[in-house]
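> Predicted structure and sequence below. I'll ask about it afterward.
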Amino acid sequence: MTAREDLGTFELAENPDARRSFPTRILSQLDGLRWSLWLLWRSIRSRPIPATAAITILLVGAFGGAILPVSGTVLTGLVLLGALLLLAFGRAGPA
């Protein structure tokens, strides 16, 4: 018997995700978001100085238009830079 023929000996299974209701899917997405935020928080706590710098860059880009004499392009760049730095911390996980 070849490996492909061996597959015929297994019992077929139904897709477990096919019958999930809309509220169940939403709750699953929210649970994933909760775990992502928890991991980001742990990453920030394990590297407080770089994480504080990333958050500061993000906040200055988002709310610094009233106090900084820079163009909107610079502010948008700061928001993107801060968000990318936070994303990098979250993906790296806690140290």
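Looks like it came in fine. None of these values were measured; they are calculated from a predicted model.
> helix or strand for Arg42, which one?
Per DSSP states H and E: Arg42 is located in helix 22-46.
> Average the pLDDT values over that helix and round to the nearest integer.
Regarding helix 22-46, the rounded mean pLDDT is 87.
> which secondary structure elements does it contact?
Here helix 22-46 touches helix 48-63, helix 72-92, going by 3 or more CB pairs under 8 Å, 6 or more residues apart in numbering; DSSP states H and E. Yep, even glycine has a C-beta here, placed from its N, CA and C like the rest.
> Would you mind telling me which of those is nearest Ser36?
Of all the helices and strands packed on helix 22-46, helix 72-92 sits nearest to Ser36, with 6.8 Å by CB to CB.
> Kindly provide the distance from the residue lying closest to Val79 once chain neighbours are set aside to Leu85.
Leaving aside its sequence neighbours, Val79 sits nearest to Gly61 (CB to CB, 6 or more residues apart in numbering; 3.6 Å). Distance, Gly61 to Leu85, using CB to CB, to the nearest Å: 11 Å.
> ditto for Arg4
Distance, Arg4 to Leu85, by CB to CB: 48 Å.
> neighbour count winner among these two?
The neighbour count for Arg4 versus Leu85, taken as other CB atoms under 10 Å, is higher for Leu85 (17 against 7).
> surely the more buried one meets Pro50?
Yes. In this structure Leu85 lies within contact range of Pro50 using CB atoms under 8 Å: 7.5 Å.
> Centre-most residue in this structure?
Ser36 (5.5 Å; CA atoms, centre = their mean).
> how about that residue, what does it touch?
Ser36 makes contact with Gly90, according to CB atoms under 8 Å, 6 or more residues apart in numbering.
> and the gap between it and Leu7?
Relative to Leu7, and taking CB to CB, Ser36 is found at 36 Å.
> can you check Trp35 too?
Applying CB to CB, the value for Trp35 to Leu7 is 34 Å.
> same thing with Ala13?
Ala13 sits 13 Å away from Leu7, going by CB to CB.
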